[in-house]
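K.L.:
okay, predicted coordinates and the sequence, questions at the end:
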Amino acid sequence: MKRTLWIVGLMMVMLLAAVSAVGAQEQTAPQTGGNEKGGPMAQILRRQVMWLASEETGVPVRDLIAEIRSGKSLGTVLTEHGVDSAAFVDTVAAQLQERLDRAVSMGRLTQEQADERLSQFRERLTERLTVVPPVGV
């Protein structure tokens, strides 16, 4: 009985080690550009951007997505609905700035890290506003 428990315990430790190793590999894998979905935070940001676009335009998210899938960029969709793309970037960046400020005040990020993330986000969002996805994607 003791031997069986010992073997089961050893198998659990090995399983946990294997899961940890796979998780570490995923975290250190280089991020490449292109059509990758990104991690959970990227998905949250994409949803937040679409939700804000919906609020700014008054158009439901599903309809915005349909317009984008029909071959338009998000920037084009925003413009067609009377929203200035630069003002939209500023609005979204202001919301992100609030979150980053909280992270700095809680000690999770330095101010330099927060500034860098905000700058990168602004650049990426500005680029993404001009991207036209393949029709039907």
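P.N.:
Received it, and whenever you're ready, just let me know what you need.

K.L.:
in this protein, where is pLDDT below threshold?
P.N.:
Scanning the chain for pLDDT under 70 picks out the ranges 1-38, 136-137.

K.L.:
all strands for it, in order.
P.N.:
For the chain, applying DSSP state E gives no strands.

K.L.:
now do the same contact list for the residue most central in space within it.
P.N.:
For the chain, Ala42 is the residue whose C-alpha lies nearest the centre (CA atoms, centre = their mean; 1.2 Å). Contacts for Ala42 (CB atoms under 8 Å, 6 or more residues apart in numbering) come out as none. Glycine gets a C-beta too; all of them are placed from N, C-alpha and C.

K.L.:
i'd like the first residue to be 49 from this point on
P.N.:
Renumbered: residue one is now 49, and that last one reads Ala90.

K.L.:
in space, what's closest to Thr174 - neighbours in sequence excluded?
P.N.:
Distance criterion CB to CB, 6 or more residues apart in numbering; nearest residue to Thr174, sequence neighbours excluded, is Val137 at 5.7 Å.

K.L.:
what's around that neighbour, how many residues?
P.N.:
By other CB atoms under 10 Å, 20 other residues sit near Val137.

K.L.:
likewise for Pro182?
P.N.:
By other CB under 10 Å, the residues close to Pro182 number 8.

K.L.:
that one and Ile116, how far apart?
P.N.:
11 Å (CB to CB, to the nearest Å).

K.L.:
kindly report the same for Thr174.
P.N.:
16 Å.

K.L.:
what about these two, which has more around it?
P.N.:
Legend: neighbour count by other CB under 10 Å for Thr174 and Ile116, higher for Ile116 (20 against 15).

K.L.:
does that one touch Pro181 like I think?
P.N.:
Yes: with contact defined as CB atoms under 8 Å, Ile116 reaches Pro181; the gap is 6.3 Å.

K.L.:
right, and the residue nearest to Thr174 touches Glu175 too?
P.N.:
No: taking contacts as CB under 8 Å, Val137 lies outside contact range of Glu175: 10.4 Å.

K.L.:
got the contact list for the residue nearest to Thr174?
P.N.:
Per CB under 8 Å, 6+ apart, neighbours of Val137: 170, 173-174, 177.
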